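Undergrad: okay, predicted coordinates and the sequence, questions at the end:
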Amino acid sequence: MAKTRWYKDAVVYQIYPRSFCDSNGDGIGDIRGIISKLDYLKELGITCVWLSPCYKSPNDDNGYDISNYRDIMDEFGTLEDWQEMIDGMHARGIKLVMDLVVNHTSDEHEWFKQSRSSKDNPYRDYYIWRKGRGKDGKKPPNNWTSRFTGSAWTYDETTDEWYLHLFSKKQPDLNWDNPKVRQEVADICNYWFEKGVDGFRCDVITYISKEEGLPNGKWNPALKGDEHFTIGPNYHKYIHELNQRSWSKYDTMTVGEGQGITIDNAEEIVAEEREELDCVFTFEHQTQVDSFIVTVPKKFNLVKWKEIFSNWQKIPSNCQNSLYIENHDYSRSLPRYGKLEYRETVGKMLAISVYLLKGTPYIYQGQEIGMTNIDNFQPEDYKDQVSVKIYEICKKFGLGKIAIWALQRKARDHARAPMQWSDAKNAGFTTGDETWMMVNPNYVDINVEESEERPDSLLHFYQKLIKFRLGNEVIIKGSYKQYDAKNKKVWVYERALDNKKYVVVANYTDKQFSYTMPDELTKYEKCVVLLHNYEDGNNKIVKKMVLRPYEAIAYEIE
Ligand code: NOJ
């Protein structure tokens, strides 16, 4: 089928179903809750939803551990609810991209239950089993570490062997070298495409191919083994095969989570003629501030941030990058990049400076109303197993307080707190008394209802920005040029196509100061403000511009 490549002009909204909206009062978000908010999404203007996993799962990792790929998690509803949801999305011109988690399954998946039952079970080779090392085989087969701390191997008594899991021990890795596994994955994709799904966000997809012999990883204080399974030996072969067996048969979008992907190898991963993935997420801009597993928070460096985004703007036109500031794996962005006293101003500044770049934008639920981290976040409130493990390990070494400090700033839980719909009890997320995870107490002030009522809210700003961006060729495919790259406070860039030229100026600091604009940008006949996070002032580009805290403006010049 000829691909329309609709994703090049899409704005995606990520829903983390457990925390989005609860329809039945059990304190857990669900599909009927999503259905009840489809008009809200339509009003926001997004054109696609990425839904984090909603399949059957014992929820060791909130659905990223799937026990049945063809059915819906009981807590979220039924296949009929799901069908109603996708129909409702399509009726509103919104596409649906589901999460495809196939590097691993849950240990409660039937395949794994069979696999672990005996060495000659037909499903044995669906997973990666090895004998232990040492005289009595009591040492793991190699030194690889789980991304969730500890060894990547778990011993299983039934067959006296170890299985590999790059995440928790309840997430055994599938053996992609087994052709049957690869066919199962293609069949799962086709099953959902036949039901109308528009694409997949492919979880840790660059980890699927492991190096033969599973050699020890080089020494590394945190994660060991990466070099033996990140974009491994058969990665391209397996993804191309999956593309041919499934993805290429529908007008799809596939976006790969990008461990190991940089601008230098992006073309190998997503160039259209390779017929592999369509788009990619990079971690480069996120990890220069924070990675979710390493507990030591880093200081934000604007020069580096600009360099990473600017490099990605060089991506060839037969490839597609993604633009995101938040997702369910990081704490909220506002405290990371700005001072909370300027909460919405920072939110608008980030939106202007990042979402007018080339690439497919992703907005994570709650980002559009400026949700923040939970103040005074305590160990008893941690729900994410990574937070719990980090805290426990640190506590064992007498570092409990440091862990609390670090997790306050960077736990994934912050982004998973229930969506704040109103100032009603539990933020209007549920009608029940309890919620699966604590509601951020600041919902009384920060919520959708309040944002809808106030014309200058971040929410209204997002609506305006999305409208401005959709169909705008300058943004979708125009050229990019950065000015003053070494400036530590301001990001200035230009986007241009044919005779149209946009200029973005963003002050990333909480200070007011006079900024000298590059000469080239002060020569124009006409200058129009397109988007601005202050009500007035700076209505044209002048040589000396007084920029207020976190002020950001997008101009069109002629
Ligand atoms: C990446 C997902 O985004 C994250 O939430 C999950 O824990 C891991 N993959 C494991 O599936």
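TA: Good, I have the coordinates.
Undergrad: residues touching Glu273, list them.
TA: For Glu273, the contact set (CB atoms under 8 Å, 6 or more residues apart in numbering) comprises Asn318. Placement of C-beta: from N, CA and C, glycine included.
Undergrad: biggest helix in this protein by residues?
TA: helix 179-194 (DSSP state H).
Undergrad: which strands and helices sit next to that helix?
TA: strand 68-72, strand 95-100, helix 235-245 (3 or more CB pairs under 8 Å, 6 or more residues apart in numbering; DSSP states H and E).
Undergrad: tell me the first helix or strand C-terminal of the least confident helix or strand in the chain by mean pLDDT.
TA: Least confident helix or strand of the chain, by mean pLDDT, DSSP states H and E, is helix 284-287 with a mean of 87. Where DSSP states H and E defines the elements, the next helix or strand beyond helix 284-287 is helix 302-312.
Undergrad: list the buried residues for that following helix?
TA: Residues of helix 302-312 classed as buried by neighbour count (16 or more other CB atoms under 10 Å): 302, 305-312.
Undergrad: touching that helix from outside, list them.
TA: If you take CB under 8 Å, 6+ apart as the criterion, helix 302-312 is touched by 263, 266, 282, 284-285, 288-289, 321, 354, 357, 359, 480, 482, 485-489, 491, 493, 508.
Undergrad: deepest-packed of the helices and strands packed on helix 179-194, please.
TA: Per residue and on average, the most neighbours among those fall to strand 95-100, with a mean of 23 (mean count of other CB atoms under 10 Å).
Undergrad: look at Lys410 and report its pLDDT.
TA: On the pLDDT scale, Lys410 is placed at 88.
Undergrad: can you count the residues close to it?
TA: Counted by other CB atoms under 10 Å, the residues lying close to Lys410 total 27.
Undergrad: dihedrals phi and psi, it?
TA: Dihedral angles of Lys410 (phi, psi; degrees, to the nearest 10) stand at phi -140, psi 10.
Undergrad: for it, which non-adjacent residue is closest in space?
TA: The spatially closest residue to Lys410, leaving aside those adjacent along the chain, is Ser331, at 4.8 Å (CB to CB, 6 or more residues apart in numbering).
Undergrad: against Gln114, how distant is the one you found?
TA: 39 Å (CB to CB, to the nearest Å).
Undergrad: between these two, which one's more packed in?
TA: Higher neighbour count among Ser331 and Gln114: Ser331, with 25 against 15, using other CB under 10 Å.
Undergrad: now the strands for the stretch 201-350 of the chain?
TA: Applying DSSP state E, counting those that start in this stretch to the stretch 201-350 of the chain gives strands spanning 253-256, 279-280, 320-324.
Undergrad: spatially central residue for the protein, please.
TA: Closest to where the C-alpha atoms of the chain average out (CA atoms, centre = their mean) is Asn327, at 4.0 Å.
Undergrad: spatially nearest residue to it (excluding sequence neighbours)?
TA: Among residues not flanking Asn327 along the chain, Tyr364 sits closest, at 5.1 Å (CB to CB, 6+ apart).
Undergrad: check contacts around Asp120.
TA: Applying CB under 8 Å, 6+ apart, no residues contact Asp120.
Undergrad: so it sits in a strand?
TA: No. Read with DSSP: H, G, I helix; E, B strand; the rest coil, Asp120 is coil and lies in no strand.
Undergrad: ok so, going back, and the contacts of helix 302-312, which are buried?
TA: Listed as buried from those are 263, 266, 282, 284-285, 288-289, 321, 354, 357, 359, 480, 482, 487, 491, 493, 508; burial here means 16+ other CB under 10 Å.
Undergrad: what about the nearest residue to Phe429 once chain neighbours are set aside, distance to Asn59?
TA: Of all residues beyond its chain neighbours, the one nearest Phe429 is Pro418 (3.8 Å), with distances taken as CB to CB, 6+ apart. Distance of Pro418 to Asn59, given as CB to CB: 16 Å.
Undergrad: the helices and strands packed on helix 179-194: which one's closest to Trp50?
TA: Closest to Trp50 of the helices and strands packed on helix 179-194, according to CB to CB: strand 95-100, at 4.6 Å.
Undergrad: mean confidence score for the closest one?
TA: Rounded mean pLDDT across strand 95-100 is 98.
Undergrad: and for stretch 331-348?
TA: Per-region confidence: stretch 331-348 scores 95 on mean pLDDT.
Undergrad: what's the neighbour count on the closest residue to the ligand within the stretch 301-450 of the chain?
TA: Distances between the stretch 301-450 of the chain and the ligand by CB to the nearest ligand atom are smallest at Asp329, namely 4.8 Å. Neighbour count for Asp329, taken as other CB under 10 Å: 18.
Undergrad: can you classify the closest residue to Val185 other than its chain neighbours by secondary structure?
TA: Excluding its sequence neighbours, the residue lying closest to Val185 (CB to CB, 6+ apart) is Val102, at 5.0 Å. Remark: Val102 carries the secondary structure label coil [criterion: three-state DSSP].
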